[in-house]
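Novice: next comes the sequence, and after it the predicted model I'd like to discuss.
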Amino acid sequence: MSEFGKALFGGSRFVFWSLSPMILLFLVTLPFLIPKWNVGIVIIMVALSIIGIFLILGMFNPSRFGWAFRVVSATVFLAYVAYALSELAENDWMLKKPKSRGEANPVNALIGLVIIGGPALMYTILGRFRFQKEEDEPFDDDELDEDGQPPSEN
């Protein structure tokens, strides 16, 4: 796993106690900062709540709730898919050269989908940010032989 993945998903008590109060504060105060509610805002609030709750749960005990990080990464991927589809539909499914790097447009949305959504999807499916397993990564159950032992190097 990358150094970022090890730091965030590794079970550090420092990371948990540093981020969890801020995430909780964010989740509690954000609804009071929304002046006008509509369906889009509700969808965004639900997505942010899912990310926050499952991120805290996963950081609390990664060995028991490691699946919670996959929920977070799946939500990030789906958010980027929705953003890319929204930008494409808003621009009549045409790709135009962006006026600036920060402009919301289909090209930048697709770049974000590849750069951020791609690794999020990979983590959702594989549980890691790289295609190949690292040396210290445990074997999956389907990689054990008939005696329940890891395969030998012979």
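Specialist: Perfect, thanks for sending it.
Novice: mind checking how far the closest residue in space to residue 107 that isn't next to it in sequence is from residue 113?
Specialist: With C-beta to C-beta, 6 or more residues apart in numbering as the criterion, residue 107 has its nearest non-adjacent residue at 5.2 Å, and that residue is residue 98. To be clear about C-beta, it is placed using only N, CA and C from the backbone, and glycine gets the same treatment. Distance, residue 98 to residue 113, using C-beta to C-beta, to the nearest Å: 15 Å.
Novice: neighbour-wise, which of those two wins?
Specialist: For residue 98 and residue 113, the more surrounded residue by other C-beta atoms under 10 Å is residue 113, and the numbers stand at 21 against 15.
Novice: isn't that one up against residue 80?
Specialist: Yes. Residue 113 lies in contact with residue 80 (C-beta atoms under 8 Å); the separation is 4.6 Å.
Novice: what about residue 111, how many residues nearby?
Specialist: Considering only other C-beta under 10 Å, residue 111 is surrounded by 15 other residues.
Novice: which is the next helix or strand following the helix or strand where it lies?
Specialist: Element membership for residue 111, per DSSP states H and E: helix 106-112. Using DSSP H and E, the next helix or strand after helix 106-112 towards the C-terminus is helix 118-126.
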